[in-house]
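Visitor: requesting a structural model of the entry that follows:
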Amino acid sequence: MDYNDLRLQHLVFYYHDYEIIEEEHEIQVRFDFEIGSLSHFNPSFLIQKPEGTDGAAELELFREAAFSLGLAELVSYWKLTCSPVVIVEAGHLDEAQIRWWKKLYFNGLRDFFRTNGITADPEGFMDLRSAGRNIGGRPDARTYHGNLIPVGGGRDSFVSLEVLSSMKQENHAFVINHVMSAIHSAEAAGYRGSRLIVAERTLDARMLDFNKQGYLNGTTPFNALTAFAAYLTAVVYGKKYICLSIEAGSEEDDDDALGQMYAKTFGFEKDFHAYTETYLSRDIMCFSLLRPLSELQITGIFCNYRQYHRVFRSCNVGSKTETWCTHCGRCLYVGVMLSAFLDDAQLNAVFGRDMLNDPGMLDLFEQLTGMNEPVTQASAGTSREEINTAVCMSVKAHLKAGKELPLLYRQYASTPNYEYYRDRTGLLNAWNDDNLVPEEYRKLVREKLEEIHYESENMDR
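Guide: Down below sits the predicted model:
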């Protein structure tokens with residue numbers, strides 16, 4: 001369907017209200033959205049309550065956080081028609097908030113706009129209007145403490161869980177929906193029962209039906225929704241810190257990197273921090289624990305914890321079956337990064353086959369490394385530098401041990417890339433100062449960082 005036609009047919013999107021349903025063991029928020037002349041939508045978010053708690057629905061902070069989660073959720077429904085006017089009746093937004101949300105929506109939808117061939121500008125794509133009242137409720141007199149740790153199935157989550165392992169009695173792991181790879185990751189780190197919070201985010205089936213009918217579809221800033229969902233959960237559980245697991249490389253926020261990845265940037269992290277301090281509470285702080293580190297450093301730390309190697313997953317193709325497909329670019333990327341710290345047998349045990357000796361992976365490998373392209377400073381961005389550094393570390397380890405290089409690395413070792421990157425080890429010692437990590441947590445991260453320096457120099461191959 002045509003973007004401009006849909007905007008003419010469906011002029012207004014409404015965020016009518018949200019309903020809080022608190023029961024003995026759980027609390028649920030149901031949202032009421034409407035695309036005028038098309039349909040209502042009622043997605044929901046549900047979490048279990050900690051033992052012995054009641055009255056969260058009466059807290060002004062919980063109500064404000066629930067309202068904010070609805071604002072993060074609504075864009076998944078608005079994108080069906082991209083209605084030019086959005087009227088928020090569920091609560092009040094001042095002009096600064098309106099600018100904040102429009103910035104998030106526009107930057108977080110860049111991929112969506114590109115995919116659908118939409119030319120949009122930051123002002124004209126949406127007229128966001130506030131038509132609601134201030135949200136009431138009683139103040140929260142509790143003292144917040146401990147950490148809420150959102151968990152996926154990848155290396156970064158394990159590293160965060162290990163960095164914070166000394167605080168385990170004050171930690172809760174947090175997973176949205178029953179993503180088994182994430183649940184198994186949390187359980188492998190010792191988070192079970194009441195220490196593992198599995199929230200249920202339910203989409204309205206009518207949205208999925210309209211997708212099938214040809215209404216507009218595409219990616220939205222899921223990490224922003226995760227941040228607001230975690231914030232709401234932190235209110236219920238009285239957690240002071242929300243510790244995300246986003247690395248330094250995600251702060252590259254040029255236009256090409258925006259879209260669904262925008263909510264991973266340091267720019268968004270700072271915006272989120274400022275927004276929640278101003279409009280929600282200073283008692284809860286959300287930050288990325290791994291922002292000081294590169295992905296190569298995170299991989300190095302992860303490789304020290306062999307007990308997790310058979311549990312973690314990071315393949316989109318195999319996500320539903322908790323497997324590595326071992327044929328996609330993501331699998332190859334992770335394999336190359338791990339190869340900097342693991343020997344061939346250890347690496348193949350993770351994936352179940354030898355990707356680095358598969359000639360069918362050569363094209364993907366060339367794309368990942370850019371090994372057949374001219375190497376310039378401009379082309380050597382952080383991600384490209386990390387992948388090439390990982391290859392060179394593995395090549396040097398093979399040569400030092402007198403072992404034959406895998407096929408893909410034999411091809412690589414004869415290219416200018418190898419000469420350009422072979423002695424670039426600075427990434428292992430780097431520290432990104434653009435972060436919001438509290439000082440006591442920085443010390444914990446640095447301790448883990450020191451472990452990989454030792455391990456990388458004394459690997460048993």
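
Visitor: when you work out contacts or count neighbours from here on, use the C-alpha atoms and nothing else.
Guide: Noted.

Visitor: straight-line length of stretch 295-311, end to end?
Guide: For stretch 295-311, the first-to-last residue distance is 19 Å (CA to CA, to the nearest Å).

Visitor: so which residues make contact with it?
Guide: Stretch 295-311 has contacts (CA atoms under 8 Å, 6 or more residues apart in numbering) with 155-156, 158-159, 181, 184-185, 188, 247-249, 290, 337-338, 340-342, 349-350, 386, 390, 427-428, 448-449, 451-452, 455-456.

Visitor: for the stretch 151-300 of the chain, what spans make up the helices?
Guide: Counting by DSSP state H, counting those that start in this stretch, the stretch 151-300 of the chain has helices at residues 155-163, 180-188, 205-212, 222-237, 266-279, 295-303.

Visitor: could I get those helices in JSON lines, plus columns for distance to Ala56?
Guide: Below are these laid out as JSON lines (distance: least, CA to CA, whole Å):
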{"stretch": "helix 155-163", "distance to Ala56": "27"}
{"stretch": "helix 180-188", "distance to Ala56": "26"}
{"stretch": "helix 205-212", "distance to Ala56": "28"}
{"stretch": "helix 222-237", "distance to Ala56": "6"}
{"stretch": "helix 266-279", "distance to Ala56": "18"}
{"stretch": "helix 295-303", "distance to Ala56": "37"}
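
Visitor: can you redo the ones you listed as TSV with mean pLDDT and mean neighbour count?
Guide: Below are those laid out as TSV (pLDDT from 0 to 100; neighbours: other CA atoms under 10 Å):
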stretch	mean pLDDT	mean neighbour count
helix 155-163	95	24
helix 180-188	92	21
helix 205-212	97	14
helix 222-237	97	23
helix 266-279	98	17
helix 295-303	95	24
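
Visitor: which stretch among those approaches Tyr15 most closely?
Guide: Closest to Tyr15 of the helices of the stretch 151-300 of the chain, according to CA to CA: helix 205-212, at 15.1 Å.

Visitor: low-confidence bits of the stretch 351-461 of the chain, can you list those?
Guide: For the stretch 351-461 of the chain, applying pLDDT under 70 flags the ranges 374-382, 453-461.

Visitor: do that again at 80, thanks
Guide: In the predicted model of the stretch 351-461 of the chain, residues 374-382, 424-426, 453-461 satisfy pLDDT under 80.

Visitor: mark which of the contacts of stretch 295-311 are buried, thanks.
Guide: 155-156, 158-159, 181, 184-185, 247-249, 290, 337-338, 340-342, 350, 386, 390, 427-428, 448-449, 452, 456 (16 or more other CA atoms under 10 Å).

Visitor: Ala141: what secondary structure?
Guide: coil (DSSP: H, G, I helix; E, B strand; the rest coil).

Visitor: an error on my part: the question was meant for Leu74.
Guide: Leu74 - assigned by three-state DSSP - is helix.

Visitor: list the contacts of it.
Guide: Per CA under 8 Å, 6+ apart, neighbours of Leu74: 15, 33.

Visitor: same question for Leu405.
Guide: 395, 398-399 are the contacts of Leu405 under CA under 8 Å, 6+ apart.

Visitor: buried ones among those residues?
Guide: Buried members of those, counted by 16+ other CA under 10 Å: 395, 398.

Visitor: what's the closest of the contacts of Leu405 to Ala224?
Guide: Ala224 has its nearest neighbour among the contacts of Leu405 in Val395, at 38.6 Å by CA to CA.

Visitor: element containing that closest one?
Guide: Taking DSSP states H and E as the definition, one finds Val395 inside helix 382-401.

Visitor: packing partners of that helix?
Guide: Where contact means 3 or more CA pairs under 8 Å, 6 or more residues apart in numbering; DSSP states H and E, helix 382-401 is packed against helix 295-303, helix 329-339, helix 362-369, helix 416-421.

Visitor: and His10, which of those is closest to it?
Guide: Nearest of the helices and strands packed on helix 382-401 to His10, taken as CA to CA: helix 329-339 at 38.6 Å.

Visitor: quick check: angle from the next helix or strand after that closest one to helix 329-339?
Guide: Per DSSP H and E, the first helix or strand lying C-terminal to helix 329-339 is helix 344-351. Computed with axes from the mean of the first three to the mean of the last three CA atoms, to 10 degrees, the direction of helix 344-351 lies at 150 degrees from that of helix 329-339.
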